[in-house]
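Student: let's see this in three dimensions:
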Amino acid sequence: MSTSTRPRNALYAQSGGVTPVINASAWGVIDAVRQHPERIGSLFLARNGILGALNEALIDAATLTDAQLASLKTTPAGAFGSCRHKLKKDAEFDRLVALFEAHDIGYFFYNGGGDSADTCLKVAELARSRGLDLTAVHVPKTIDNDLPLTDCSPGFGSVAKYIATSVREAGLDIASMAPTSTKVFIMEVMGRHAGWTAAAAGLAAANADTPPHLILVPEIAFDEARFIAAVSQTVERVGYCVVVASEGIRDGEGRFLAESGATDAFGHAQLGGVAPVLANLVKAKLGAKVHWAVPDYLQRASRHIASATDLEQAIAVGQAAVGFALEGKRSVMAAIVRDQATPYRWHIAAVPLADVANREKTLPRDYLDAEGYRLTEAGREYFAPLIRGEAFPPFVDGMPALPDWRFDNVTKRLVPFKD
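Tutor: Numbers count the residues shown, from 1 in each chain. Okay, the predicted model is just below:
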């Protein structure tokens, strides 16, 4: 907790891949800060994540209109911009220190996934090493649901709902045309190292003969012969086959089926599309007509079918992050703790950021059956409450309302940054 008697200022930023409800977490932070004017002065919103901090591109949250604030709870993507950037240069750390001092920043809230947790931890360690009075708290989000120490990650529930809904609807389409047209449909979903999103698609299945018939996840090595046999048997039994595959499925040697050879800012391999790889394999081996789809950004921008549970949790972690900071809890993440599954009850707790950064939570093996292709009751019990409830955005002329994300930057106090 700050030893100063004057209210210190705060900095919030969004980072990494955005979600249907990341802006709701921003609303939660802003709302909580406004409830404590005696403890926190100005709240600055960095443009494009940590890059906005480095470039001193800051928005004063006090200048947001009521309409803009309301839109934060109903609009996907990052209202203030996001980024993928790994802090690693001394010049960057020096610049952050200068920024914190110039704007009297005493609280830092970083809203992101695993890599963002690493950035938040680095900022906390930087402050400690430089003798800065700064409290850093991580606000979780990731559609991949792979953050450890939290029951789920805000953003995931809405993506799971979108994918399961899409699979159910597409499955009906394939079933209606299968006798004379497409026999196999493959949907590729996000998930580099963890199969949470693909497994959640299993919620669409009412029984063994309804889609998705086969789920492929990174945690279970892809076996070509076994997969082709399973597709063939499903088509013979049901008349068609719907497959949901994580982008990061690997072969028995641990190699991505669709690695492109490129890497991102954090050194992660860029994947080139596993759906067409699987489609070509099925066509070559079985001669069946195959269609494939990659929802890609559509799944993480699917605010129109967001989960009400997910929206509520996204707001809650933002509000709790501010509360933890005011309690003097440094270098923590606002985690969701499941109290019980039926009815679903949860609360927010502070967990050590050092136990979250650079770690991944993988899909439990018992969430899929012995063959590794179908969701089990244990998996269904975990996923089902996360997609419950509808939280529709306002519509104008038949379309989701478009937000007005025009903001003015605060006056800069530092010279332009050059790394």
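Student: pLDDT below threshold where in the protein?
Tutor: For the chain, applying pLDDT under 70 flags the ranges 1-5, 260-272.
Student: mind listing the helices for the stretch 301-419 of the chain?
Tutor: Applying DSSP state H, counting those that start in this stretch to the stretch 301-419 of the chain gives helices spanning 308-326, 377-383.
Student: among those, which is nearest L99?
Tutor: Closest approach to L99 among the helices of the stretch 301-419 of the chain is made by helix 308-326 (18.0 Å; Cβ to Cβ). Quick note: C-beta positions are derived from backbone N, CA and C, even for glycine.
Student: against which helices or strands is that closest one packed?
Tutor: Here helix 308-326 touches helix 22-34, strand 105-112, strand 135-140, helix 156-177, strand 332-340, strand 345-352, going by 3 or more Cβ pairs under 8 Å, 6 or more residues apart in numbering; DSSP states H and E.
Student: which of the helices of the stretch 301-419 of the chain is buried the deepest?
Tutor: helix 308-326 (a mean of 24; mean count of other Cβ atoms under 10 Å).
Student: could you export the helices of the stretch 301-419 of the chain as a markdown table, including distance to A62?
Tutor: What follows is the helices of the stretch 301-419 of the chain, written out as a markdown table (distance: least, Cβ to Cβ, whole Å):
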| stretch | distance to A62 |
| --- | --- |
| helix 308-326 | 15 |
| helix 377-383 | 40 |
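Student: nearest to L51, out of those helices?
Tutor: Of all the helices of the stretch 301-419 of the chain, it is helix 308-326 that lies closest to L51, at 20.9 Å by Cβ to Cβ.
Student: can you list contacts of the host helix or strand of A284?
Tutor: Under the criterion of DSSP states H and E, A284 resides in helix 274-286. With contacts defined as Cβ atoms under 8 Å, 6 or more residues apart in numbering, helix 274-286 is touched by 184, 186-188, 216, 224, 227-228, 231-232, 235, 243, 245-249, 256-258, 288-294.
Student: any chance of a ChimeraX selection covering the buried ones in these?
Tutor: A single ChimeraX command selects the buried members of these (16 or more other Cβ atoms under 10 Å):
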select :184,186,187,188,216,227,228,231,232,235,243,245,246,247,248,249,256,257,258,288,289,290,291,292,294
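Student: report the contact partners of the nearest residue to A349 once chain neighbours are set aside.
Tutor: Closest residue in space to A349, ignoring its immediate chain neighbours: V337 at 5.0 Å, by Cβ to Cβ, 6 or more residues apart in numbering. Shown in contact with V337 (Cβ under 8 Å, 6+ apart): T150, D151, W346, H347, I348, A349.
Student: tell me the contacts of the third one?
Tutor: The reference is to W346. D151, Q313, I336, V337, R338, D339.
Student: show me where the stretch 101-250 of the chain has its strands.
Tutor: Per DSSP state E, counting those that start in this stretch, the stretch 101-250 of the chain carries strands over the ranges 105-112, 135-140, 184-189, 214-216, 241-246.
Student: okay, now the sheet partners of the first one, with direction.
Tutor: Neighbouring strands of strand 105-112 in its sheet, by DSSP bridges, are strand 8-14 (parallel), strand 135-140 (parallel).
Student: wait, which of these is closest to E360?
Tutor: strand 135-140 (13.2 Å).
Student: quick one: the spatially most central residue of the chain from A200, how far?
Tutor: In the chain, the centroid-proximal residue (Cα atoms, centre = their mean) is T142; its distance is 1.7 Å. Remark: distance between T142 and A200 (Cβ to Cβ, to the nearest Å) = 14 Å.
Student: find residues that contact each of these two.
Tutor: F156.
Student: before we move on, back to that, farthest-separated two in the contacts of W346?
Tutor: The farthest-apart pair in the contacts of W346, when distances are taken by Cβ to Cβ, is Q313 and D339, at 13.1 Å.
Student: ends of stretch 48-65, what's the gap?
Tutor: 20 Å (Cα to Cα, to the nearest Å).
Student: so which bits of that stretch are buried?
Tutor: Under the neighbour-count rule (16+ other Cβ under 10 Å), stretch 48-65 has 48-61, 64 buried.
Student: I am finished for the moment; much appreciated.
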